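[1] no sequence on hand, only this structure:
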């Protein structure tokens, strides 16, 4: 997983970088086929904004959060991405499970 973190009007400190990578590890725990994540953090007056683009094979996810505190904005962003990834994982697993296996075949015999 490639993680790119950049800041607009903000210096990305090692503490913020570690916090973002720690929070986004939860996304990787739920879905391990993540290719890239790019995070953009910016400060406008008293509002801290965080955006993330997440790329998996065949699909892209985008999340955006705002808060008065940068760490709270990162928490909100991680929650949003986590929900999107879990929903995507459930959809893909439902498609694969619903198409085959002995469980889903009819048990009626032709007479």
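    Looks like it came in fine. Worth saying up front: this structure is predicted, and the values here are computed from it rather than measured. Numbering: from 1, shown residues only.

[2] go through the longest helix belonging to the chain and flag the buried ones.
    Counting by DSSP state H, the longest helix found in the chain is helix 70-98. Buried residues in helix 70-98, counted by 16 or more other CB atoms under 10 Å: 70, 73-78, 80-82, 84-85, 88. C-beta here means a position set from N, CA and C on the backbone, and glycine is covered the same way.

[3] kindly reformat the residues you listed as JSON lines containing pLDDT.
    Listed next are the buried residues of helix 70-98 as JSON lines, based on pLDDT from 0 to 100:
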{"residue": "70", "pLDDT": "94"}
{"residue": "73", "pLDDT": "96"}
{"residue": "74", "pLDDT": "95"}
{"residue": "75", "pLDDT": "95"}
{"residue": "76", "pLDDT": "96"}
{"residue": "77", "pLDDT": "95"}
{"residue": "78", "pLDDT": "93"}
{"residue": "80", "pLDDT": "94"}
{"residue": "81", "pLDDT": "92"}
{"residue": "82", "pLDDT": "90"}
{"residue": "84", "pLDDT": "91"}
{"residue": "85", "pLDDT": "88"}
{"residue": "88", "pLDDT": "87"}
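
[4] those: which two are farthest apart?
    70 and 88 (26.8 Å; CB to CB).

[5] so which bits of stretch 35-52 are buried?
    If you call a residue buried by 16+ other CB under 10 Å, then stretch 35-52 has these buried ones: 37, 39-42, 48-52.

[6] what does it contact?
    Residues outside stretch 35-52 that contact it (CB atoms under 8 Å, 6 or more residues apart in numbering): 1-10, 12, 16, 20, 24, 27, 53-57, 61-70, 72-74, 76-77, 81.

[7] ok so, going back, tell me which strands and helices the longest helix of the chain is in contact with?
    helix 14-30, strand 34-44, strand 47-56, strand 59-67 (3 or more CB pairs under 8 Å, 6 or more residues apart in numbering; DSSP states H and E).

[8] and the first one, what does it pack onto?
    Right, helix 14-30. strand 2-8, strand 34-44, helix 70-98.
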